[in-house]
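Colleague: what follows is a predicted protein model with its sequence.
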Amino acid sequence: MAELLYHDDFAGLTHTIERLDDKTVVVKSHGDVEAVLDANKHDANHADNWSPSRDLKHVARIPQEIYLKWLHEKGVDALNPDHREAVRKLLNSSEYLYLRTGRGHL
C-alpha cells in the first residue's frame, strides 16, 4: 500500500512511496494541474503579461508534472539555460499550447 511521502498544495503535486518487496521501492508523483491551466487560459485571453518596466514578458507556466515529464521523457530541463531552444520549441508546439500565457510564437 502506498504511503504519502509529500504533498505540495501550491503546485498541486503529491508524491507517494510504496515498498514492493525488500529491495524494491516505487515513488509516484501525481499532480492536479487544473489551477495552473485555468490561470494560463485566463492570461492568454485577458492579461497584458508585461512587467512594469516592459522589458520582461510572462509567456508560460509549466506545472511541475509537465516539467518532470519533459525531463524524463524528452531530456529537456526547463530550468537549464542550455535547454532554452528546446523549451521554446516545446512551448511553440500545438501539443503544449495550453502552457502559454499569451498568443503568438516565442
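Modeller: Happy to help now that I have it.
Colleague: show me the shaky parts of the chain.
Modeller: Across the chain, not a single residue meets the criterion (pLDDT under 70).
Colleague: which residues of it fall in strands?
Modeller: Here the chain has its strands, by DSSP state E, at 3-8, 13-19, 25-31.
Colleague: to residue 53, which of those lies closest?
Modeller: Ranking the strands of the chain by proximity to residue 53 (CB to CB) places strand 3-8 first, at 30.9 Å. (Glycine included, C-beta is placed from N, CA and C.)
Colleague: and the closest one, what does it pack against?
Modeller: strand 13-19 (3 or more CB pairs under 8 Å, 6 or more residues apart in numbering; DSSP states H and E).
Colleague: deepest of the strands of the chain, which one?
Modeller: strand 13-19 (a mean of 15; mean count of other CB atoms under 10 Å).
Colleague: who are the packing partners of that strand?
Modeller: On a contact count with 3+ CB pairs under 8 Å, 6+ apart, strand 13-19 meets strand 3-8, strand 25-31.
Colleague: which among those is found nearest to residue 56?
Modeller: Here strand 3-8 is closest among those (CB to CB), at 25.8 Å.
Colleague: show residues contacting that closest one.
Modeller: 13-18, 27, 64 (CB atoms under 8 Å, 6 or more residues apart in numbering).
Colleague: just these now: which is nearest residue 58?
Modeller: Comparing those against residue 58 with CB to CB places residue 64 closest, at 17.6 Å.
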